[in-house]
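Enquirer: Structure for this input, please:
(4 chains)
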Number of protein chains: 4
Amino acid sequence: MGFRVAVAGASGYAGGEVLRLLAAHPELDVVTVTGHSSVGRTVGEVQPHLASSADLVFQDTTTEVLAGHDVVFLALPHGQSGAIAAQLPDDVLVIDAGADHRLTSEADWHAFYPGEWHGAWTYGVPELPTADGRLRTALAATKRIAAPGCNASAVSLALAPAVAAGLVEQDDLVAVLAVGPSGAGRSSSPALSASELLGSANAYQIGGVHRHVPEILQNLALVTGVRGTVSFTPVLVPMARGILATCTARLAPDADERRIRAVYEEAYGDERFVRLLPAGRFPAVEHTIGANTLLLGLAVDAAANRLVVVAALDNLVKGTAGAAIQSANLALGLPEAAGLPLDGTAP
Amino acid sequence: MGFRVAVAGASGYAGGEVLRLLAAHPELDVVTVTGHSSVGRTVGEVQPHLASSADLVFQDTTTEVLAGHDVVFLALPHGQSGAIAAQLPDDVLVIDAGADHRLTSEADWHAFYPGEWHGAWTYGVPELPTADGRLRTALAATKRIAAPGCNASAVSLALAPAVAAGLVEQDDLVAVLAVGPSGAGRSSSPALSASELLGSANAYQIGGVHRHVPEILQNLALVTGVRGTVSFTPVLVPMARGILATCTARLAPDADERRIRAVYEEAYGDERFVRLLPAGRFPAVEHTIGANTLLLGLAVDAAANRLVVVAALDNLVKGTAGAAIQSANLALGLPEAAGLPLDGTAP
Amino acid sequence: MGFRVAVAGASGYAGGEVLRLLAAHPELDVVTVTGHSSVGRTVGEVQPHLASSADLVFQDTTTEVLAGHDVVFLALPHGQSGAIAAQLPDDVLVIDAGADHRLTSEADWHAFYPGEWHGAWTYGVPELPTADGRLRTALAATKRIAAPGCNASAVSLALAPAVAAGLVEQDDLVAVLAVGPSGAGRSSSPALSASELLGSANAYQIGGVHRHVPEILQNLALVTGVRGTVSFTPVLVPMARGILATCTARLAPDADERRIRAVYEEAYGDERFVRLLPAGRFPAVEHTIGANTLLLGLAVDAAANRLVVVAALDNLVKGTAGAAIQSANLALGLPEAAGLPLDGTAP
Amino acid sequence: MGFRVAVAGASGYAGGEVLRLLAAHPELDVVTVTGHSSVGRTVGEVQPHLASSADLVFQDTTTEVLAGHDVVFLALPHGQSGAIAAQLPDDVLVIDAGADHRLTSEADWHAFYPGEWHGAWTYGVPELPTADGRLRTALAATKRIAAPGCNASAVSLALAPAVAAGLVEQDDLVAVLAVGPSGAGRSSSPALSASELLGSANAYQIGGVHRHVPEILQNLALVTGVRGTVSFTPVLVPMARGILATCTARLAPDADERRIRAVYEEAYGDERFVRLLPAGRFPAVEHTIGANTLLLGLAVDAAANRLVVVAALDNLVKGTAGAAIQSANLALGLPEAAGLPLDGTAP
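Expert: Down below sits the predicted model:
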């Protein structure tokens, strides 16, 4: 008999991906799904790809419906989980796949989000090598988890070992990400229409205004104890899922590729889901689709005096739903990798 | 009666695009096309989209075939135009769409290309604001033109005004480009197969090894008189054509958005094909497909202390064939814009 | 001094394409554009790819605004052009790119469209070989033109010569079309979002309910004098533009490939924009993108006793805006091909 | 302790997919992989997405290497498995994912394939409702399995119930399929390059010459006892994986939607992997990606007198590797669904 699970917002992309992954999870049983406009319809009607859960019926997203479960995943639009979460019992494990509980600084929150700040929960990136050890230790002792932003986790994990070791300048980081539209959720908008994106690419939220900027800075501050800066630009490209993050950083005076590679191997050599490729090899998005993996490749550009780290992940898996489940596994005392796919679906 | 034109390598993507554009040119008449494996076949068979030129028959790519024209466009694989070009009469206008005559430094050439250096020709980016004035002046007085590398022209034009004015640090430039596969030409390779690229993205030639790096540095040195550095990473994404270049640079101490925007308006305000979008607007690749335009958007990220310039262009038009024709127009004393489309094909 | 042109609904895809094509037209000058939510904004803001028309300001779509032009293109949502058109002076040439004036049968109209029937105008497919001769004759003598449905023109032209010659059974036609989302216009909807379409394909309006069914039947009845049937299924695929129509028909007893090919050559051998490829060759959508061409390839499947005709076109050009302009050229006594591109933009 | 498995040709797409699926299989353990140009390299190098199998080293594809396993999957280029298979012991379960052992008629073989005919094995579509019962019965008693052609299984399953019940004319079947390029395997060719396919679509092997034609006819003959005809056209579209088959058939005199729907429910109502959607709903390719499912939607077009069945599947899973494993499960006496995903990866 496994844990009883509710997924709020299971009609969206992130919530649907939680369902897809949990269908293969040995210990977590989804018994309740909630939605908004989908209330009364089945998962089979709203998410036709999720045959395993086809007969579940969407209920309203209320505290009453969500109470009485061992685990609640919240995959709600930003700003909606704070109020719901506040009313759930303390002993229920709650994982918020949205942004409401990620930022530890109220000032950051108000600079980047509308509405009230709800305080920060334990951040769901187990592998992050903070100054106090991996976040997985904290995750094993919490009932409240904030799953990471997909871009933020990619950039943070890509740069953390180098900044932690002082091998790059923390105030000269640049990240440009090729991202698919599914990161924006199931909303339809002219900018995200197939006609506009097919055959095209465009940058958005340019010049430091993207909400994942403070999240990255917060993560790297956890690693080094000081706050740096990052120039962050997402570029929308015509692939449904995935992120290919190109992260560069000015080298510190005594950095070289051998030393840098060593700190990445030290950081991630024992990790199952975060892996550094051998010298000369770099990841493609397709290597990670459907899998809970973040793949890294790195090169040192001596002429330009910069480290280049390329990171690939599936924004809906390791970037969101997979990270949420991996963190939940830790909080529940289950094997960290339970139910999480390691192999991508390529081509 | 117009100028008689030969296009060598017209069976490839760049050569085909020269044909497509010249079909609408009022003064340039393509009378000869050459190829390699396509010899004896018609344009209609090899390039089925080029109905206007369908009956032209591919001949061998030899000096004999190419002699006797007023204008010769060379769209050959890198390394093949040097020998051909050396044997063409001095009074024939020759435009090389390949890389053989771009680099002015023999050392750069040998660092990035195999084979012999053939010397540099006048560089085919009329709008480049060099320390000695626009390149269009030099182009109007030459018989030998090196059309630019598509990525190099995008990044160079995107950053030139800011580096020229000293508003950014020329030794802290970072460019990450989302690029389509057509830039690699008509070759087939596993990495460029549809199965691998659809639904994916991957960076390549990472860490300063791409051949457009020295070309960018050479261009910016023309602008400022000194050579800087650039971290340059191309990311292959699933769109057939186009480049979306995200170029960032560390701000100089006294730079602000007002001053930066002013120097870009000064640089490009009178240009037909290179245009800065108003504040808050940024280009998409689809705005430039089929057109000879480079569109720029810029933002200043004060927190990260960086300028971000986003540039979009069609790699086969403004990035190659259009730049070649625009330069040829200048060298022939024709209106610079003759035959060159201004409107993109969107969506 | 050319004809003064107004384009109503120029903020949409079809209207934008009219602007793009007319920018290169020697005789038609767009002086007025109208929209709905775009009123007061410029073309440059709403259609950033249309640099040639960037400074035109959208006005309201009213009879007052549209009056006083020589030519009015209506690119409005279905159901909106009838009322507008009724109030325009008889001597103004009006081309409706929407569906309101295509169907000659009021019964067909009410079976497939909501709202009032407005009567039929001359149908804008000059090449259609009707029993009374090509439609271009009628187009040369009209002031009211209904531009065709993109799918309908593809299927009708693909099958017309064979049905006209009695070489296939007119009551056993099957057409399955791979279509891009731009045919649905600039609307955003979940089904047309990039996330849903990238990496996927889906059929829609299945089982004879698509609005182009009666239009095809009407066209083929013009050709043969009798009404047949067609099984018509559009399949949405991830390309922004274009249609690849696979049209099959049961062979008549005495049909063979030689005879069939002969009637197609007879029908289209002198046409500029509708062209049959040689035996063994078939068109791809990319051969037609941006061009006013319909390309056909055909094969006879003796075992299955069916003719297969594959047709490719750009739904926004030969399928809509190009057909509209080609028809307008005829009605104005201009060269039929004026301003219309013959070469596609590939790859 | 599970069954020891070898996968020959594991460097290709079909073989890689066998590895991906078997990584989650509870009873089948891949201990040997073979390749050709990949010999001596690891799975991690050649198939970077397959982290679970990363350390396996490719060996030569020889009988010696393949002997000594309980199960051998052959995912070799067409024409290469016959000779290999002939030398494997009779008690080894061999599943051929290629075409060599699919056709029961030597005449069909020679009409469509080069080289020697190797005889037919039990066909790996358990759900096919033949006149002698489901094929799963035969699969449970065999040691030699021919996995189906991806297109052939889609069309056969889509039409089988209707032809079995005599509700459509078996000699008037038309199938047009939107297919992704991965069905052609990992080969690179100009026609399958990303530049050519992105933004385009094209039909190929038109007019009855595709190799899946005799396979479909053979399958339907198994169902009805007589051989019909099918007009079959595959259309290559820009999605890496997947098939959307639009299958139509002339209705028999007494057919109506209620009766037709009933026979499909009878045929597939108890199937896990082949499912008919409710009236008015139709599948999209994305619903099946990564899953071992074939989804069907149907409509009756009374005006055109045809049934339309739309089928979606992942060509590499239910179309190839999943079908192979499902069949192997039966032959090994394992649960038929062991290790096979039911949920697709959408969006």
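Enquirer: Just the strands from the stretch 1-150 of chain A, written as ranges.
Expert: Using DSSP state E, counting those that start in this stretch, the strands of the stretch 1-150 of chain A run over A:3-8, A:28-35, A:58-60, A:71-74, A:93-96, A:122-123, A:129-130, A:133-134, A:144-146.
Enquirer: closest one to A:Glu116 among the ones you listed?
Expert: With respect to A:Glu116, and counting by Cβ to Cβ, the nearest of these is strand A:93-96 at 14.6 Å. (Glycine included, C-beta is placed from N, CA and C.)
Enquirer: Could you break chain A into its assigned domains?
Expert: As assigned by automatic domain parsing, chain A contains the domains A:3-148+A:318-332, A:151-315.
Enquirer: which of those domains is buried the deepest?
Expert: Sort the domains of chain A by mean neighbour count, taking mean count of other Cβ atoms under 10 Å in any protein chain shown, and domain A:151-315 sits at the top with a mean of 23.
Enquirer: can you tell me the average pLDDT over that one?
Expert: Regarding domain A:151-315, the rounded mean pLDDT is 97.
Enquirer: these two touch, right, A:Val155 and A:Ser231?
Expert: No - with contact defined as Cβ atoms under 8 Å, A:Val155 does not reach A:Ser231; the gap is 10.8 Å.
Enquirer: show me the residues around the closest residue in space to A:Glu196 that isn't next to it in sequence that make contact.
Expert: Spatial nearest neighbour of A:Glu196, chain neighbours left out: B:Pro347 (5.5 Å); criterion: Cβ to Cβ, 6 or more residues apart in numbering or on different chains. Listed by Cβ atoms under 8 Å, 6 or more residues apart in numbering or on different chains, the contact set of B:Pro347 reads A:195-196, A:198-200, B:286, C:13, C:182, C:240-241.
Enquirer: Also A:Pro238?
Expert: A:180, A:197-201, B:237-239, C:194, C:198, C:238.
Enquirer: coming back round to it: so which of the strands of the stretch 1-150 of chain A is nearest chain D?
Expert: Each of these has some distance to chain D by Cβ to the nearest Cβ; the shortest is strand A:28-35, at 12.0 Å.
Enquirer: centre of the chain versus the closest one, how much separation?
Expert: On the basis of Cα atoms, centre = their mean, to the nearest Å, strand A:28-35 sits 21 Å off its chain's mean C-alpha point.
Enquirer: go on, stretch A:331-347?
Expert: 14 Å.
Enquirer: now that stretch: mean pLDDT?
Expert: The model assigns stretch A:331-347 a mean pLDDT of 98.
Enquirer: What of stretch A:135-142?
Expert: Stretch A:135-142 comes out at a mean pLDDT of 97.
Enquirer: Output the set of residues of the stretch 1-150 of chain A in proximity to chain D.
Expert: A:13, A:16, A:19-20, A:23-24, A:47-53 (Cβ under 8 Å from any Cβ of the partner chain).
Enquirer: Now intersect those with the helices, please.
Expert: Assigned to helices by DSSP state H, the following of these qualify: A:13, A:16, A:19-20.
Enquirer: In the stretch 1-150 of chain A, what residue lies closest to chain C?
Expert: For the stretch 1-150 of chain A, Cβ to the nearest Cβ, closest residue to chain C: A:Tyr13, 7.1 Å.
Enquirer: In contact with the residue nearest to A:Glu106 when sequence neighbours are not counted, which residues are there?
Expert: Distance criterion Cβ to Cβ, 6+ apart; nearest residue to A:Glu106, sequence neighbours excluded, is A:Trp117 at 4.7 Å. Contacts here follow Cβ under 8 Å, 6+ apart; on that basis A:Trp117 touches A:103, A:106, A:109-110.
Enquirer: just checking, A:Val71 touches A:Ser327?
Expert: No - with contact defined as Cβ under 8 Å, A:Val71 does not reach A:Ser327; the gap is 11.0 Å.
Enquirer: Quick check: neighbours shared by these two?
Expert: Residues touching both A:Val71 and A:Ser327 (Cβ under 8 Å, 6+ apart): A:Ile95.
Enquirer: So which residues on the stretch 1-150 of chain A come close to chain C?
Expert: A:Tyr13.
Enquirer: residue of the stretch 1-150 of chain A with the smallest distance to chain D?
Expert: Proximity of the stretch 1-150 of chain A to chain D (Cβ to the nearest Cβ) peaks at A:His49, 3.5 Å away.
Enquirer: Please apply the same query to the stretch 151-300 of chain A.
Expert: Closest point on the stretch 151-300 of chain A to chain D, by Cβ to the nearest Cβ, is A:His287, at 4.1 Å.
Enquirer: Might one say that that residue is in contact with D:Gly44?
Expert: No - A:His287 is not in contact with D:Gly44 according to Cβ under 8 Å; the separation is 10.3 Å.
Enquirer: picking up where we left off before, okay, the strands of the stretch 1-150 of chain A in JSON lines with distance to D:Leu139 next?
Expert: Formatted as JSON lines, the strands of the stretch 1-150 of chain A follow (distance: least, Cβ to Cβ, whole Å):
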{"stretch": "strand A:3-8", "distance to D:Leu139": "36"}
{"stretch": "strand A:28-35", "distance to D:Leu139": "32"}
{"stretch": "strand A:58-60", "distance to D:Leu139": "38"}
{"stretch": "strand A:71-74", "distance to D:Leu139": "39"}
{"stretch": "strand A:93-96", "distance to D:Leu139": "43"}
{"stretch": "strand A:122-123", "distance to D:Leu139": "50"}
{"stretch": "strand A:129-130", "distance to D:Leu139": "51"}
{"stretch": "strand A:133-134", "distance to D:Leu139": "48"}
{"stretch": "strand A:144-146", "distance to D:Leu139": "46"}
